[in-house]
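>>> the following block contains a protein sequence and its predicted model.
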Amino acid sequence: MRRRPGMSARLKLTLSYAAVVLVSGLLLLAAVGLYLLRYVPDVQIPYIDFRVPNRSDLIRAFVPVASVVMVVLLALGLGGGWLLAGRMLAPLERIGDAARLAAQGSLSHRIALPGPRDEFRDLADVFDSMLEQLEAHVAEQQRFAANASHELRTPLAISQTLLEVARDDPERDVDALIARLQEVNARAIDLTEALLLLSRADRRAFTREIVDLSLLAEGAVEALVPLADRRGVAVEVGGAPAPVLGSSTLLPQLVTNLVLNAIVHNLPSGGAVAVRTHSMPHAVALVVENTGELLPAHRVATLVEPFQRGAERTRSDDHAGAGLGLAIVDRITQAHGGTLVLTPRTDGGLIVTVWLPHPYPVEPSA
């Protein structure tokens with residue numbers, strides 16, 4: 001049902017200001033009438049040289065003047081209220097204009113409200129901050145969508161090429177074609193599942209419960225030991241219990257991604273991975289350190305972006321990945337109120353530290 005348009009906020013404020021002025025004037029006149037005129041007798045006071053006005057005389061002289069004063073006060077209340085309301089609501093109009101532009105898709109506009117800090121200035125600053133975050137988030141999502149479409153197009157294009165070649169070459173090995181198609185299809189499925197997991201972490205729609213990162217680390221290492229052995233990577237795990245309040249589905253994925261990346265992005269032979277957990281009074285930490293190639297700082301800063309791979313790998317790699325490992329780790333960490341820190345090792349490799357809030361923080365003693 002469509003609502004009928006009502007009075008504007010400016011008109012409401014104007015009427016409110018005028019009503020306050022009018023009521024104040026009436027109260028003042030009432031005070032004069034009650035506390036002053038009642039002491040003047042309403043009888044003729046005899047004097048020889050001049051006539052002393054009584055109460056009725058004063059009322060007859062006072063009422064017309066009071067009426068004119070009330071009209072003037074009403075006009076001043078309406079006019080002044082309209083001007084004051086306009087000045088007071090001007091910041092809201094600027095915020096409303098910015099909101100309309102944002103609704104139309106323009107997120108680059110900023111209010112930048114001048115003047116001293118007050119409630120309107122705080123509201124405008126919060127709105128500008130929200131627009132800035134929305135603009136950054138939309139830009140990131142657009143980059144992500146473009147990268148995702150490119151990554152998903154690749155296995156589909158490979159499958160189409162393989163099928164076209166097989167159609168034009170009746171003598172082609174069918175078993176090899178099926179194996180290759182199965183490999184391409186498996187990678188497409190892995191990429192799709194990674195995208196869904198990343199979207200779930202962004203929504204933060206999960207049930208929270210107590211999860212021990214040290215147990216997750218031991219489980220991830222145990223599951224990935226065969227891969228590490230094939231690659232000649234020694235994996236070490238240890239540390240203190242590290243309980244956190246989070247998702248029992250997303251946190252194991254976080255740990256598994258970190259250990260898998262550390263194994264895959266390592267030296268060709270003789271590599272090492274160390275997985276440790278720490279518990280602090282207010283936070284817990286998961287540290288995954290691996291050997292590998294030298295990583296410059298500018299390259300490390302891009303590793304958490306979607307589809308950024310830490311090293312060049314051939315398509316024959318059995319864990320080529322989709323370039324979403326650290327991106328998923330970063331999103332899961334943020335969804336749990338934590339921080340992801342990447343530090344390059346001086347002799348090659350990477351140290352990845354995940355800081356998460358402790359579910360039972362210890363207050364410092366006085």
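Received it, and whenever you're ready, just let me know what you need.
>>> pLDDT of the strand or helix carrying residue 145, averaged?
Using DSSP states H and E, residue 145 falls within helix 119-168. Average pLDDT, helix 119-168: 77.
>>> packing partners for it?
Applying 3 or more C-beta pairs under 8 Å, 6 or more residues apart in numbering; DSSP states H and E, one finds that helix 119-168 contacts helix 55-103, helix 174-203. Quick note: C-beta positions are derived from backbone N, CA and C, even for glycine.
>>> residue 268: which of those is closest?
helix 174-203 (22.3 Å; C-beta to C-beta).
>>> name every strand pairing with the helix or strand that the closest one is followed by and say which way it goes.
Note on helix 174-203: by DSSP H and E, the next helix or strand toward the C-terminus is strand 209-212. Here strand 209-212 is paired, per DSSP bridges, with strand 243-246 (antiparallel).
>>> can you list contacts of the strand it pairs with?
Identification of contacts with strand 243-246 by C-beta atoms under 8 Å, 6 or more residues apart in numbering yields 206, 208-213, 251, 279, 284, 336, 356-360.
>>> report the two of the residues you listed separated the most.
206 and 279 (22.7 Å).
>>> can I get stretch 22-29 in PDB, CA atoms only?
What follows is stretch 22-29, C-alpha atoms only, in PDB (Å, rounded to 0.1, in the frame of the first residue of the first chain):
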ATOM      1  CA  LEU A  22       3.800  31.200  21.000                       C
ATOM      2  CA  VAL A  23       3.300  29.200  24.200                       C
ATOM      3  CA  SER A  24       6.200  31.000  25.900                       C
ATOM      4  CA  GLY A  25       4.500  34.400  25.000                       C
ATOM      5  CA  LEU A  26       1.200  33.200  26.300                       C
ATOM      6  CA  LEU A  27       2.700  32.000  29.600                       C
ATOM      7  CA  LEU A  28       4.500  35.300  30.000                       C
ATOM      8  CA  LEU A  29       1.200  37.300  29.500                       C
END
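>>> closest to residue 233 among the contacts of strand 243-246?
Using C-beta to C-beta, those come closest to residue 233 at residue 213, 21.2 Å.
>>> surely the closest one meets residue 283?
No. Using C-beta atoms under 8 Å as the test, residue 213 is too far from residue 283 to be in contact (11.4 Å).
>>> settle it for me: which of the two has more neighbours?
More neighbours surround residue 213 than the other of residue 213 and residue 283, with 27 against 16 (other C-beta atoms under 10 Å).
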